[in-house]
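1. Here is my input, please return the structure:
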Amino acid sequence: MKILIIGSGGREHALAWKMAQSPLVREVLVAPGNAGTATERKTRNIAIGIQDLDGLTALARAERPDLTVIGPEAPLVAGLADRLQAAGLSCLGPTRDGARLEGSKAFTKAFLARHGIPTAAAATVTTEAQAQAYIDAHPGPLVVKADGLAAGKGVVVAPDSGQAKAAARAMLRGAFGDAGSTLVIEECLVGVEASYIILTDGQSYVAFPTSEDHKRLEDGDRGPNTGGMGAFSPASAITPALEDIIRQTIIEPTLAGLRADGCRYTGFLYAGLMITADGPKVLEFNCRFGDPETQPVMMRLACDLVPLIEAAVCGRLAGAAVRIDPRPALCVVLASAGYPGEPADGKPITGLGEDTPECKIFHAGTRATPEGPVTSGGRVLGVAALGEDLQAARAAAYGRARAVRFQGAQFRRDIGNRLPPGDCGGA
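-> So this is what the prediction gives:
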């Protein structure tokens, strides 16, 4: 098989690495890829950006891959899956209709309410006056979210009314462009965040290992939200009994709701959850695999990913099973100076060392040059490791992360060491 993966981040590197291991696969193309995917066996980068839907469609028509996997949210929300399917190409990823679950937080809030799926109380607003009135009526901690895509950064957790109003005003005045022309303002849920990711053919589904993301930039879950500064698997708060509740109250009602609304959803579905004292509640949906959750989850995946994706695309996922390495895994993200704002690019990267089956560096914001890899984005690398327990995985990942060098490198020192529950959710 020939596989085409769309994207350039750590998620796409991890998917390419995992899919290239399949005996069914002879070649993996990654568009545009990064300096890490450029060195993976059986893998070839093609320099077409994720926003170039015409170029990506032409590439798929020319290469005729047996399967295309769309990694990031932007091309899914823009309708790339629709284009590829219309061209008669096999593609994993929801259509534009299904991708609204990530593309519009207001749409998702209405969907959750319509289908009785637990989530935070919220209001959707489009003016500063509406935002101020809602905030005045709800003086407790609030979460202010830009409706559209903002690369994981369009969320402000506001501990008081003043900060909530300031966040709403900035978003409505263009801090995130058109993504902030509509806002969702919701109650601040208290608990432990967790990520629950499935693969579905629209009817049946398989669940991947649970995981837990660290969104905030700084140690102790402080600072601005980012796309994710690290993750580990399994999630600390999800027991087998709680996983059953998540399936029964969130995952299965969501798939049933999509079918009831006339949407055949095929692909990965990521439920960002807050595990509260009242049970799990939905913070957000993503219409693709998480990043950086993909990295530790792929380290733990003990089966061939390709047949699972094939089965999902063909509507034959019923009866499929996922095999999981019992060992936990953890990933530490190394980011550029300036992230999550404007990152410093073009900085040479050294000290990468050699990968092993238990510890691997996944590239994200990197670019290959004749002199070696350089930084090319906010989140640069993800160092992922398996261990006999979480602390062993943590020690291995941090041991290798500390050896990597590039100017301005920053990373959290507490991935896998959560504070007691009490922070507000926001993703």
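
2. Thought residue 267 was touching residue 312, still the case?
-> Yes: contact criterion C-beta atoms under 8 Å: residue 312 and residue 267 qualify, at 7.1 Å. (Glycine included, C-beta is placed from N, CA and C.)

3. Report the set of residues contacting both of these two.
-> 92, 199, 200 (C-beta atoms under 8 Å, 6 or more residues apart in numbering).

4. what about the stretch 101-250 of the chain, any weak spots by pLDDT?
-> By pLDDT under 70, the weakly predicted segments of the stretch 101-250 of the chain are 152.

5. Among the shared contacts of residue 312 and residue 267, name the buried ones.
-> 92, 199, 200 (16 or more other C-beta atoms under 10 Å).

6. Which residues are in contact with the second one?
-> Looking back up the chat, that one is residue 199. With contact set as C-beta under 8 Å, 6+ apart, residue 199 has these partners: 205, 206, 208, 267, 268, 269, 308, 309, 312, 317.

7. leaving aside the residues next to it on the chain, what's closest to the fifth one?
-> Using C-beta to C-beta, 6 or more residues apart in numbering and skipping the chain neighbours, the partner closest in space to residue 268 is residue 289 (4.8 Å).

8. tell me the helices in the stretch 201-350 of the chain, going along the chain?
-> 240-246, 252-260, 294-300, 305-314 (DSSP state H, counting those that start in this stretch).

9. looking at these, which is buried most?
-> helix 294-300 (a mean of 29; mean count of other C-beta atoms under 10 Å).

10. Any chance you could list what contacts that helix?
-> So helix 294-300 is contacted by 10-11, 14-15, 17-18, 197, 208-209, 211, 231-233, 289, 305, 324-325, 327-331, 360, 362, 382, 384-386 (C-beta under 8 Å, 6+ apart).

11. So which of the residues you listed are in strands?
-> 197, 231-233, 329-331, 360, 362, 382, 384-386 (DSSP state E).

12. So which of these is surrounded by the most neighbours?
-> Compared across the ones in strands among the contacts of helix 294-300, residue 331 has the highest neighbour count, 37 neighbours, by other C-beta atoms under 10 Å.

13. give me the beta-bridge partners of that one?
-> For residue 331, the beta-bridge partners are residue 231, residue 384 (DSSP bridges).

14. State whether it and residue 228 are indeed in contact, as I suppose.
-> No: here residue 331 does not reach residue 228: they are 9.0 Å apart, not a contact under C-beta under 8 Å.

15. Need the overlap of contacts for the two.
-> Contacts common to residue 331 and residue 228, judged by C-beta under 8 Å, 6+ apart, are residue 292.

16. Can you give me the neighbour number for residue 218?
-> Neighbours of residue 218 (other C-beta under 10 Å): 15.

17. wait, it sits on residue 414?
-> No: look at residue 218 against residue 414 with C-beta under 8 Å: they stay out of range, at 9.3 Å.

18. which residues sit in contact with residue 325?
-> By C-beta under 8 Å, 6+ apart, the neighbours of residue 325 are 299, 300, 301, 302, 386.

19. and it, what pLDDT?
-> Note for residue 325: predicted pLDDT of 98.

20. tell me how far stretch 188-208 is from the chain's mean position?
-> 12 Å (C-alpha atoms, centre = their mean, to the nearest Å).

21. mind listing the helices in the stretch 1-150 of the chain by residue range?
-> 10-20, 53-63, 73-78, 80-86, 96-103, 105-114, 128-137.

22. Can you say which of the ones you listed is nearest to residue 181?
-> Residue 181 lies closest to helix 105-114 among the helices of the stretch 1-150 of the chain, at 10.5 Å (C-beta to C-beta).

23. Dump that closest one to PDB, restricted to CA.
-> Extracted C-alpha coordinates of helix 105-114, given in PDB (Å, rounded to 0.1, in the frame of the first residue of the first chain):
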ATOM      1  CA  LYS A 105     -17.600  25.700  19.300                       C
ATOM      2  CA  ALA A 106     -21.000  27.200  19.100                       C
ATOM      3  CA  PHE A 107     -22.200  24.400  16.800                       C
ATOM      4  CA  THR A 108     -20.800  21.900  19.200                       C
ATOM      5  CA  LYS A 109     -22.500  23.400  22.200                       C
ATOM      6  CA  ALA A 110     -25.800  23.300  20.400                       C
ATOM      7  CA  PHE A 111     -25.100  19.700  19.300                       C
ATOM      8  CA  LEU A 112     -24.400  18.600  22.900                       C
ATOM      9  CA  ALA A 113     -27.500  20.300  24.200                       C
ATOM     10  CA  ARG A 114     -29.700  18.900  21.500                       C
END
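
24. Closest one of the contacts of residue 325 to residue 69?
-> residue 301 (14.5 Å).

25. Who is that closest one paired with across the strands?
-> With DSSP bridges as the rule, residue 301 is bridged to residue 324.
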